[in-house]
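Enquirer: Can you look at this prediction? I've put the sequence above it.
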Amino acid sequence: METCPDLFELSDGTFAVIGTDRTEELDALLPPDAARADYERIVVITRDTLLRAKRDIPDA
């Protein structure tokens, strides 16, 4: 079984991200205009993963 970061659309139109949870490391480094709710996590994916997923993300 291959494991790697991924981004995919769910049946309700939302997107799910599989990546590395780096909340503890990056939480204090969020820019002033960014916020995170207690139930949210900061998940990191590679640039390549996002670029490959772009073709599957609708423009509208």
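Expert: Sure, I can see it. Residues are numbered from 1 along each chain as shown.

Enquirer: make it CA atoms for all contacts and neighbour counts henceforth
Expert: OK.

Enquirer: And the strands in the protein, which stretches?
Expert: Applying DSSP state E to the chain gives strands spanning 6-9, 15-18, 20-21, 43-44.

Enquirer: To Ala37, which of the ones you listed lies closest?
Expert: Checking these against Ala37 by Cα to Cα gives strand 43-44 as the closest, at 13.5 Å.

Enquirer: picking up where we left off before, what's the closest of the strands of the chain to Asp56?
Expert: When the strands of the chain are compared by Cα to Cα, strand 6-9 sits nearest Asp56, at 8.1 Å.

Enquirer: which other residues reach that closest one?
Expert: Phe15, Ala16, Val17, Ile18, Gly19, Ile45, Thr49, Leu50, Ala53, Ile57 (Cα atoms under 8 Å, 6 or more residues apart in numbering).

Enquirer: For those residues, work out which two are farthest apart.
Expert: Using Cα to Cα, the two most remote members of the contacts of strand 6-9 are Gly19 and Ile57, lying 17.5 Å apart.

Enquirer: of the two, who's got more company?
Expert: Neighbours around Gly19 and Ile57, counted as other Cα atoms under 10 Å, are more numerous at Gly19. The numbers are 17 against 13.

Enquirer: do you know how far that one is from Asp38?
Expert: Using Cα to Cα, to the nearest Å, Gly19 is found at 18 Å from Asp38.

Enquirer: Also Gly13?
Expert: In terms of Cα to Cα, Gly13 sits 23 Å off from Asp38.

Enquirer: same thing with Thr49?
Expert: Plainly put, Thr49 is 26 Å away from Asp38 if you go by Cα to Cα.

Enquirer: With neighbour numbers in mind, choose between those two.
Expert: Legend: neighbour count by other Cα under 10 Å for Thr49 and Asp38, higher for Thr49 (14 against 6).
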